[in-house]
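# Predicted coordinates and the sequence they were generated for:
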Amino acid sequence: MKRYMLGIAAIAIAVFSVAFKTAVNKPVNSFFEFDYDSYSPTINNVQDESKWIQVSGLGTCSNNDVKACRIEVASTYVSGTSLLSTAALVAQESSTNIAYVKSGNTVNIKNKN
Amino acid sequence: MKKYFSIPAIVSAILLGLLLYTGISKLQRHNDFLLALAASPLLKQHAGWLSRAVPVTELVIAALLFFPATRQKGMYAALLLLTVFTGYLTWMLQQQAPLPCSCGGFIEALSWPQHLLFNTALLAVTVTTILLNKRKDKRKERPPT
């Protein structure tokens, strides 16, 4: 039994730590990035919620209102890894065929150069 | 003074706790881990299967470390996994890109250099423990004079 004692203690500590951390840090909001690889950032595309892909954070957008970059939304506007149309993104053109997110049901908006 | 626990037993318990903790954390927050892998230029092609394989591997190694009969094999497996993680970390640091880390649990709170230092220290401790175990095994094998 003594040979298993340390192992059992390690398992107990690990399991309790995970349980505690999960309760404290349960994620609430989700993050999305405009899918530049597949679409150009026109007003229609930026306002189309299906053209946004889920990412893990707000990242390093320059925060200049030229092109759409990333947004943070509450979990009520997310289904699986998709942004729902209820996020109601509103885009504005900064120059011909280049748009940024002006407003929407978002917690945070980060545009870029 | 009576020795309650050997150094290899203590080290394997630390590794067991750590691998179990990070493995469960990654499975619990699987979506975050998947997104972090998908954000990595090196791993994005394999993010899907890796997001499952990494935590499962960590839990299997934790199980190997729990049983005395498989502990040494578990130490070798942990050494291999730590080497891969440290190699990946070194590569990430060289990229100098603000890439997300979903390494599981408190390790996420570390900066990349701190993370590398932590992994290197663990690697050194694991190698030392394997060598100590080998020396102990050799002593057992030596015929009595």
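Perfect, I can see it now.

# Would you pull up how far the helix or strand of chain B with the lowest mean pLDDT lies from the middle of the chain?
Least confident element among the helices and strands of chain B, by mean pLDDT, DSSP states H and E: helix B:30-38 (a mean of 80). Centroid separation between helix B:30-38 and its chain, computed with C-alpha atoms, centre = their mean, to the nearest Å, is 19 Å.

# B:Arg135: which element?
helix B:112-141 (DSSP states H and E).

# follow-up on the earlier one: what residues sit buried inside the least confident helix or strand of chain B?
Within helix B:30-38, the residues scored as buried using 16 or more other C-beta atoms under 10 Å in any protein chain shown are B:31-38. (Glycine included, C-beta is placed from N, CA and C.)

# cool, stretch A:5-23 as well?
A:6-7, A:10-11, A:13-14, A:17-18, A:21.

# any chance you could map the strands in chain A?
All strands of chain A, identified by DSSP state E, fall at A:29-34, A:52-55, A:67-74, A:78-79, A:82-83, A:90-95, A:98-103, A:108-112.

# Looking at the ones you listed, which is nearest to B:Trp49?
strand A:52-55 (18.7 Å; C-beta to C-beta).

# okay, the strands of chain A in TSV with mean neighbour count and distance to B:Ile61 next?
Formatted as TSV, the strands of chain A follow (neighbours: other C-beta atoms under 10 Å in any protein chain shown; distance: least, C-beta to C-beta, whole Å):
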stretch	mean neighbour count	distance to B:Ile61
strand A:29-34	22	32
strand A:52-55	20	30
strand A:67-74	23	36
strand A:78-79	14	34
strand A:82-83	20	35
strand A:90-95	15	48
strand A:98-103	19	44
strand A:108-112	19	39
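
# Throw those strands into CSV and include mean pLDDT and distance to B:Tyr88, thanks.
Formatted as CSV, the strands of chain A follow (pLDDT from 0 to 100; distance: least, C-beta to C-beta, whole Å):
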stretch, mean pLDDT, distance to B:Tyr88
strand A:29-34, 89, 23
strand A:52-55, 90, 20
strand A:67-74, 90, 25
strand A:78-79, 84, 29
strand A:82-83, 90, 29
strand A:90-95, 91, 37
strand A:98-103, 92, 34
strand A:108-112, 90, 28
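
# So for chain B, which of the ones you listed sits nearest?
strand A:52-55 (6.0 Å; C-beta to the nearest C-beta).

# Tell me if that closest one is near chain B.
Yes - counting by C-beta under 8 Å from any C-beta of the partner chain, chain B is contacted by strand A:52-55 at A:54-55.

# helices or strands next to the helix holding B:Arg135 in the packing?
helix B:7-28, helix B:71-95 (3 or more C-beta pairs under 8 Å, 6 or more residues apart in numbering or on different chains; DSSP states H and E).
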